[in-house]
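1. Predicted structure and sequence below. I'll ask about it afterward.
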Amino acid sequence: VQLQESGGGSVQAGGSLRLSCAASGRTSRNLSMGWFRQTAGKEREFVAALSRTGRSTYYADYAKGRFTISRGDAENTVALQMNSLQPEDTAVYYCAADPNAEKLRVSEEYTYWGRGTQVTVGS
């Protein structure tokens, strides 16, 4: 499985961005998919996840009410809509996927990773 993120960029505080992740090689309908982010010198942290059935979503506390994860319009894609962005949301955002992940908030549960997309939020 190969994952490709897109949609990163630069916005001012209060703005919005929509990230997308496209999975190829194996249909994402059989995959749990998640988003993580990382800043320099810090560990990768959980942002949001979508269960393989699509029925359950999970969010980090800081993401609740601002970020929404969903299956994308195109097949084998997942999107992360980010609203009310703040400078502390600045990070590289990574898409992750796994057919057997159970603890979707845990990065070690995921086998497949994208290369990441930069999100920069100015004050």
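-> Cool, got the structure. Since the structure is predicted, the reported quantities are computational estimates derived from the model, not experimental observations.
2. could you say which helix or strand contains the residue positioned nearest the centre of the chain?
-> With distances taken as C-alpha atoms, centre = their mean, Trp35 lies nearest the centre of the chain, 2.3 Å away. Assigned by DSSP states H and E, Trp35 belongs to strand 32-38.
3. and that strand, how far out from the chain's middle?
-> 4 Å (C-alpha atoms, centre = their mean, to the nearest Å).
4. Residues in contact with the helix or strand that that strand is followed by: which ones?
-> The helix or strand immediately downstream of strand 32-38 is strand 45-50, counting by DSSP H and E. Here strand 45-50 makes contact (C-beta atoms under 8 Å, 6 or more residues apart in numbering) with 32-38, 56-60, 63, 67-71, 78, 80, 93, 104-107. Placement of C-beta: from N, CA and C, glycine included.
5. Keep only those of those residues that are in strands.
-> Judged by DSSP state E, the subset of the contacts of strand 45-50 located in strands is 32-38, 57-59, 67-71, 78, 80, 93.
6. sorry, back to before: would you write a ChimeraX line that selects the buried entries of the contacts of strand 45-50?
-> Selection of the buried residues among these in ChimeraX, burial being defined by 16 or more other C-beta atoms under 10 Å:
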select :32,33,34,35,36,37,58,59,60,63,67,68,69,78,80,93,104,105,107
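7. Would you mind listing where the protein has pLDDT under the threshold?
-> 26-29, 75 (pLDDT under 70).
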